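Please work out how this folds:
(one chain, ligands or ions: 1)
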Amino acid sequence: MAKPKVATASLAGCFGCHMSMLDIDDRILKLIELVDFDKSPVNDIKEFTGRCRIGLIEGGCCNEENVRVLREFRKHCDILVALGDCATMGGIPAMRNGIPLKECFQGAYLSGPTVYNPSRTVPNDPELPLILDRVYPCQEVVKIDCFLPGCPPPADTIWQALVALLTDKPLALPYELIKYD
Ligand code: SF4
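Reported below is the predicted structural model:
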C-alpha cells in the first residue's frame, strides 16, 4: 500500500522549525517507514508529485511568493499544520508590522548601522517577489487545520503530532510538550 505523503515548506521563517523536525533523531527512520516526503527542502523536491496527507508550514507570509506557496500547500494537502510561532502568529519577522514599509526598506538597505550600499539603491529587480504590507500568520491567508506553537516546537511535539495525525488519533499532546514558560 502506498505510504501517505508529507510536504514541508519554509516561508518567512529561519529553518529552525525544520531543524527541530530533524531533531527527532533516530525516529526519522520510523518516520520514513510511515511516510514519503513530497515537496520539501528536506529532499529538495521542488514541485508536488501528488496529493499529500500532511503539509507542514514553517513561517508566515511576508511576500507574494509566500502566499502563492501557502495556497499551493492548501490545495495539495489534506491536513495543513502551522509549525512554530512564525507560522501561527508571524513570530520574529512580524516585528516589522508596526513599522511603515518605507522605513523598513530604509533601515535594511540605506541607513542601518551595518549597511554598506555605495549605490544607494534598494533592490528592485522585477523577479523579486513583492513584499507585503505586513507579515501575515498562515491562518490569515488559508484555512489551517492544526497549530503547533513554539520557537521552535520541540522535536517530541512535532513527532507526537505527526504520529497522531498519520494514525487518525486525536491530537492530545501532553502539557509538558506545549508549555513554553
Ligand atoms: S518559529 Fe522560531 S524556529 Fe521556527 S521559523 Fe520562526 S524563528 Fe525560526
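
Regarding stretch 116-128, how distant is the last residue from the first?
The first residue of stretch 116-128 is 20 Å away from its last residue (Cα to Cα, to the nearest Å).

again with stretch 127-147
End-to-end span of stretch 127-147 (Cα to Cα): 32 Å.

again with stretch 14-32
By Cα to Cα, the extent of stretch 14-32 from end to end equals 24 Å.

Quickly check: it near the ligand or not.
Yes - counting by Cβ under 6 Å from any ligand atom, the ligand has neighbours in stretch 14-32: 14, 16, 17. Where C-beta positions appear, they are placed from N, C-alpha and C, glycine not excepted.

same deal with stretch 64-80?
No - using Cβ under 6 Å from any ligand atom, we find that stretch 64-80 stays clear of the ligand, coming within 12.4 Å at best.

Most neighbours among the residues of stretch 14-32 next to the ligand, which one is it?
residue 17 (27 neighbours; other Cβ atoms under 10 Å).

need the contact list for the residue in the chain that the ligand sits nearest to.
Proximity of the chain to the ligand (Cβ to the nearest ligand atom) peaks at residue 16, 2.6 Å away. Residues in contact with residue 16 (Cβ atoms under 8 Å, 6 or more residues apart in numbering) are 58, 84, 151, 152.
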